[in-house]
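# The following block contains a protein sequence and its predicted model.
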Amino acid sequence: QVQLVESGGGLVQAGGSLRLSCTASGLTFDAYALGWFRQAPGKEREEVAAIDSDGRTSYADSVKGRFTASQDNAKNTLYLQMNSLKPEDTAMYYCAADTSWLLLHRNARSWGQGTQVTVSS
């Protein structure tokens, strides 16, 4: 059974940085596409970033140039480095995994419980 556990969220001032981590178990890490999603209160969930072991990445326009996704296959861990944070980045951040790059974007089959990121102005 795939298990994803996020950490690293918190309260930060606008302009600051945070690094989120997502530790995975129950899967062959480098065989999966991995992603970060977020959901703010009253808003739909949106994809933030995705990555696979071939180095393929994708980012939401709203975070390009500020956020970077990376993975450490030896540690079964996915990261999201978030710089120049803005109040509108405030949300619950979730990591997700799927064996399919396409399904990761459409309806990933494995999800973590989320970590809260709050950016104050």
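Perfect, I can see it now. Residues are numbered from 1 along each chain as shown.

# CA atoms for contacts and neighbours, from now on please.
Will do.

# quick one, phi psi at the closest residue to Ser121 other than its chain neighbours?
Nearest residue to Ser121 in three dimensions, chain neighbours excluded: Ala14, at 5.3 Å (C-alpha to C-alpha, 6 or more residues apart in numbering). The phi/psi pair for Ala14 (degrees, to the nearest 10) reads phi -50, psi 140.

# What residues does the spatially most central residue of the chain make contact with?
The residue lying closest to the centre of the chain (C-alpha atoms, centre = their mean) is Trp36, at 2.2 Å. Residues counted as contacts of Trp36 (C-alpha atoms under 8 Å, 6 or more residues apart in numbering) are Glu47, Val48, Ala49, Ala50, Leu80, Tyr93, Tyr94, Cys95, Ala96.

# now it: how far from Glu47?
6 Å (C-alpha to C-alpha, to the nearest Å).
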